[in-house]
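1. Only the shape, not the letters, is given here:
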């Protein structure tokens, strides 16, 4: 273990006693990778709400401000990186938004990864009044990691084709001034498959892409002095069947950990003769994040298959509704195998790299393209 | 990283956003060592109270019961090990005591490490009504890790000589039925030095022991079918100057992690032909805990010496009182270098083992001893 300091991450997200979502999914990997992490818990729950039954408390805006104020007065609010995730309700999110702005003013080099946790697959987790606050926060973020549904909500854009995908990304980069947008785990529907250039399509010849199941990950970095709004990279990973929780939180933590933009005078980028070495741009960081997250998910899946039959249950909302205990057993068997994946977190034993490739013709205007 | 499961630890103690005390000092090492840790936060503070200024909230008894009840209903209250530390106030401690008893009834093989956090060096951190609750909890504990002062309070015994030391340990083992007692960091005053057998005294010839500074660590395991109340092991470590926070919490976590009594049918002790292998008794576990804790403290001390002069300040309560910012800078420079010590946590690069030796004549009655 090197004695070198990688700097401090301030992580503001949910805490669960049992299992691995929110801070429990994000903090440990960051620590293993060498970051001192300052941990602010936005909720203290027994387990994630997907189990159906949970206990515990939420931090309100006053609780969070009390923490932030004491940290500031003591000189402890000097992170080099900020990570925010699930924040319960508009008032608490407002307190976090104030913090993010203050930290950015103090340190314009702050790397802020904002995961705008709003919902998934057409269902909102949060109250509607949270959405405009997230929108107002976007200009302060260095990287955002919304899912497909969150992109649609944030940009008021239903994404169904190349033009609407371009419009959504353009809105985030231009209207909301976000330099780096990462959209992970987009179901690779046929229309999206057809858009992909050859270097990004899944290697296998796939007849029915949707049935085989792939997820697309897009990383879009605002280009300087170029006619297109951004440089886009993308990659596909095979879909692992079933529902796993905390995957997005883990992916965001890895993305933040591995993102070392060249402009950052960070101690993690060693300066040799005035040149900054060891930098990683967005595509490289997301490739590492995707590779590690997928490997941990694969290990979790393999483990869940080794469980006794009554803990190894298929995702089936109808049967869960009849028997809530079934849902609990099913979800417990799919908690991330994070503690058992420290080799993957450190980057050892990665058997297959998921390297994102440039999507060169992403910004081609469909109305001008050769049919 | 092995795929083998070491089992679950339920950790109930304080959380601080910044720095490493309570759960922030204990959970990460347990995780690095391979334990899934269920984390219940008894407080959510910005930093430890020793900084003089802090913000945040305490969990009350109802908050804790809400967490424990939901975990129990979901079937998540099945740890193989329980670790409890700082708990704010009698009501919250009562909720934790109920939990400990319930878990012990469910699983008599539960390893419960109870750190009865009461105070240090003659000063109490908690209200006096907490003490009898800790006393009532003692019979449920497998290992307790009080400091010198806490032993005195729990046993109503001022420890000043061999007879009072014997009486205190006997009270814990016999009256309170604690099988394993560990007292770490006892200042090695001359009377205590004189009691020590040759194999436990510090290696160097020391004229003025107190001035040179050593700490004694005692591990006392109740003996079965023997005339003496316990088997006592002890060892000395050099005192590292200055005040460090979270050291006891870290030490307790290591002690719990490395304690694998032979009676435990744990998956961490691999069973070969019906015999349990790979067990560690109390003395071995405490030796590892002492070795690793001391090595991390040494690394923290070395780091603090490398800081700029205004962050590298001697412990001086009078000057701190005049200038509260001085205290904050001083303490911040001495936060445990836990993230930078993963090699030590894993047991790599340990240059000097601090192996406890048996204190064979510990239970000799002073009035019968040859003068």
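-> Received, thanks. Values in this document were obtained by computation on a predicted structure and should not be read as measured data. Residues are numbered from 1 along each chain as shown, chains lettered A, B, ... in the order given.
2. Three-state assignment for the closest residue to chain B within the stretch 251-371 of chain A, please.
-> Nearest to chain B, among the residues of the stretch 251-371 of chain A, is residue A:343, at 4.4 Å (CB to the nearest CB). In short, each C-beta sits where N, CA and C put it, glycine included. Here residue A:343 takes the helix state, with states given by DSSP: H, G, I helix; E, B strand; the rest coil.
3. Distance of the most centrally placed residue in chain A relative to residue A:286?
-> Taking CA atoms, centre = their mean as the criterion, residue A:252 is the residue nearest the geometric centre of chain A, at 3.1 Å. To residue A:286, residue A:252 is 10 Å away according to CB to CB, to the nearest Å.
4. Same question for residue A:330.
-> In this structure, residue A:330 lies at 30 Å from residue A:286, with CB to CB as the measure.
5. Mind checking which of these two has more residues around it?
-> For residue A:330 against residue A:286, the residue with the higher neighbour count under other CB atoms under 10 Å in any protein chain shown is residue A:286, and the figures read 31 against 22.
6. And the helix or strand the more buried one falls within, what's buried?
-> For residue A:286, the host element (DSSP states H and E) is helix A:282-305. Across helix A:282-305, burial judged by 16 or more other CB atoms under 10 Å in any protein chain shown covers A:282-300, A:303-304.
7. How about stretch A:106-117?
-> Neighbour-count burial for stretch A:106-117, counted by 16+ other CB under 10 Å, picks out A:110, A:111, A:112, A:113, A:114, A:115, A:116, A:117.
8. ok, for the last one, nearest residue in space, not its chain neighbours?
-> Okay, so that is residue A:117. Leaving out its chain neighbours, the residue that sits closest to residue A:117 by CB to CB, 6 or more residues apart in numbering or on different chains is residue A:86, at 4.4 Å.
9. What ranges does chain A have for its helices?
-> Counting by DSSP state H, chain A has these helices, from start to end: A:23-32, A:61-73, A:90-106, A:130-137, A:148-155, A:162-170, A:190-195, A:209-212, A:247-258, A:282-305, A:317-322, A:324-332, A:342-346.
10. closest one to residue A:51 among those?
-> helix A:324-332 (5.4 Å; CB to CB).
11. Could you give the number of residues near residue A:42?
-> The tally of other residues near residue A:42 (other CB under 10 Å) stands at 25.
12. mind checking pLDDT for the residue lying closest to it once chain neighbours are set aside?
-> If the residues on either side of it in the chain are set aside, residue A:42 comes closest to residue A:87, at 4.9 Å by CB to CB, 6+ apart. Looking at residue A:87, its pLDDT reads 92.
13. what about residue A:87, neighbour count?
-> Applying other CB under 10 Å, we find 30 other residues in the vicinity of residue A:87.
14. mean confidence for stretch A:184-197?
-> For stretch A:184-197, the per-residue pLDDT averages 93.
15. Show residues contacting that stretch.
-> Among residues not part of stretch A:184-197, those counted as contacts by CB atoms under 8 Å, 6 or more residues apart in numbering or on different chains are A:145, A:147-148, A:160-162, A:165, A:201-202, A:206, A:209-210, A:213-218, A:234, A:236, A:239, A:247-248, A:251, A:290, A:359-361.
16. First-to-last residue distance for it?
-> Distances were taken as CA to CA, to the nearest Å; on that basis the terminal residues of stretch A:184-197 are 18 Å apart.
17. Ok, stretch A:51-66 next?
-> The distance separating the two terminal residues of stretch A:51-66, taken as CA to CA, comes to 31 Å.
18. What of stretch A:153-172?
-> Its start and end residues considered, stretch A:153-172 measures 11 Å (CA to CA).
19. do stretch A:109-116 as well
-> Taking CA to CA as the criterion, the two ends of stretch A:109-116 lie 21 Å apart.
20. Near chain B, which residues of the stretch 201-350 of chain A are found?
-> Taking CB under 8 Å from any CB of the partner chain, the part of the stretch 201-350 of chain A that reaches chain B is made up of A:303, A:328, A:329, A:332, A:339, A:340, A:341, A:342, A:343.
21. Need the pLDDT of the first one.
-> Translated: residue A:303. 93.
22. shouldn't it be in contact with residue A:338?
-> No. Taking contacts as CB atoms under 8 Å, residue A:303 lies outside contact range of residue A:338: 11.4 Å.
23. Any regions of the stretch 1-150 of chain A where pLDDT drops low?
-> When residues are selected by pLDDT under 70, those of the stretch 1-150 of chain A lie in A:1-5.
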